[in-house]
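>>> sequence and predicted model, in that order:
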Amino acid sequence: MRFDQHTVVLLTRPSDPPELPPEAIDRLRDAHLAHQAGLVEQGLVLAAGPLLHADDDRMRGFVVFSIAPDEVRGLYADDPAVRAGLLVARVASWMVPEGNVRYEGVPIRASMLEAAAGD
């Protein structure tokens, strides 16, 4: 059997996030979304989105990439929310039977304001 290999990122909230005022958290959240949108625009992201109803409430988001894990680690080193300690990017390779998973280009929101606006 042949396999497709993707790089996946599980974004989690650390157990000891920094204490920041709500306005700072909002700015970092928007900066994180803008960073994600930039990765989508570059064609690096196959799928991305928040996680809901998780057994562990530290789990925040999931991203599937078309590039190698080391490249992805470098990209998340530049994510404002990761740099600030609000998120941790856990990176791994994911193998699925060849052709088993297909992705369609779907734009992601670049800010919380855009996300709230919907379609």
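Looks like it arrived, so ask away. Since we're looking at a predicted model, the values are computed, not measured.
>>> figure out how far stretch 76-94 is from the centre of its chain.
8 Å (CA atoms, centre = their mean, to the nearest Å).
>>> flag every buried residue along that stretch.
Judged by neighbour count using 16 or more other CB atoms under 10 Å, the buried positions of stretch 76-94 are Y76, D79, P80, A81, V82, A84, L86, L87, V88, A89, V91. Every residue, glycine included, has its C-beta placed from N, CA and C.
>>> contacting residues around V82?
Counting by CB atoms under 8 Å, 6 or more residues apart in numbering, V82 touches H32, Y76, V88, A89.
>>> tell me which of the buried residues of stretch 76-94 fall in helices.
Y76, P80, A81, V82 (DSSP state H).
>>> state the pLDDT value of the second one.
Think P80. P80 is assigned a pLDDT of 97 by the prediction.
>>> ditto for the one 4 residues further on
In the predicted model, A84 carries a pLDDT score of 97.
>>> now the nearest residue to it once chain neighbours are set aside, what's its secondary structure?
In this structure, A84 finds its nearest non-sequential neighbour in L28, 5.3 Å apart by CB to CB, 6 or more residues apart in numbering. Following DSSP: H, G, I helix; E, B strand; the rest coil, the label given to L28 is helix.
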